[in-house]
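**Student:** no sequence on this one, just coordinates:
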């Protein structure tokens, strides 16, 4: 892999963050039980965080040696339009989740996101979103019984009706 000649935006800060985080986590792992033996509770976390520190150190030094790049342009390097649009959509999702509920808000968010990012047709985006949402709903609502904002879709009544179909042989 060729060595980079210019730094990417935030590369030095990220490398510093990795070294700092690795050191902090190593200190936290040491606090679990010290290093009494290889079988002590803190041995594995200390080994992992020490490996992180050994890996992130050379990355930081290599990053510091690479030349700085040209000045940053905000809308090109930091926040291109697609990032700003997705951020606005996530804010919209957060604000609409309670009044509309999980199902319609998530379906709209997923469909618009896939449509914008993948640039396929509306039917394809809607289909992928519907299948994805059905799987998420099945896992979190049915299997793990996580309560989600109901909103405008009467989920409780639908689930009770489905449960009635399976428990009483189809009689209403």
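**Tutor:** Perfect, thanks for sending it. Bear in mind the structure is a predicted one, so any value in this text is a computation, not a measurement. Numbering: from 1, shown residues only.
**Student:** name the helix or strand of the protein that has the lowest mean pLDDT.
**Tutor:** Within the chain, no helix or strand scores below helix 155-167, which has a mean of 76 by mean pLDDT, DSSP states H and E.
**Student:** got the domain ranges for this structure?
**Tutor:** Taking automatic domain parsing as the reference, the chain has its domains at 6-74, 80-170.
**Student:** mean neighbour count for the ones you listed - can I get that in JSON lines?
**Tutor:** Yep, even glycine has a C-beta here, placed from its N, CA and C like the rest. Formatted as JSON lines, those follow (neighbours: other CB atoms under 10 Å):
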{"stretch": "domain 6-74", "mean neighbour count": "14"}
{"stretch": "domain 80-170", "mean neighbour count": "13"}
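**Student:** if we ignore the residues flanking it in sequence, what's nearest the residue most central in space within the chain?
**Tutor:** The centroid of the chain falls nearest to residue 90 when counting by CA atoms, centre = their mean (12.3 Å). Leaving aside its chain neighbours, residue 90 sits nearest to residue 109 (7.9 Å; criterion: CB to CB, 6 or more residues apart in numbering).
**Student:** for whichever helix or strand the one you found is part of, packing partners?
**Tutor:** Element membership for residue 109, per DSSP states H and E: helix 102-118. On a contact count with 3 or more CB pairs under 8 Å, 6 or more residues apart in numbering; DSSP states H and E, helix 102-118 meets helix 81-100, helix 122-137.
**Student:** just to check, residue 110 is in contact with residue 129?
**Tutor:** Yes - if you go by CB atoms under 8 Å, residue 110 and residue 129 touch, sitting 3.7 Å apart.
**Student:** any shared contact partners between these two?
**Tutor:** Common neighbours of residue 110 and residue 129 (criterion: CB atoms under 8 Å, 6 or more residues apart in numbering): none identified.
**Student:** looking only at pLDDT, what's the mean for the helix holding residue 109?
**Tutor:** Per-region confidence: helix 102-118 scores 95 on mean pLDDT.
**Student:** how far off helix 122-137 does that helix point, in degrees?
**Tutor:** 130 degrees (axes from the mean of the first three to the mean of the last three CA atoms, to 10 degrees).
**Student:** what separates helix 102-118 from the chain centre, distance-wise?
**Tutor:** 16 Å (CA atoms, centre = their mean, to the nearest Å).
**Student:** tell me which element residue 72 is part of?
**Tutor:** Using DSSP H and E, residue 72 falls within no helix or strand.
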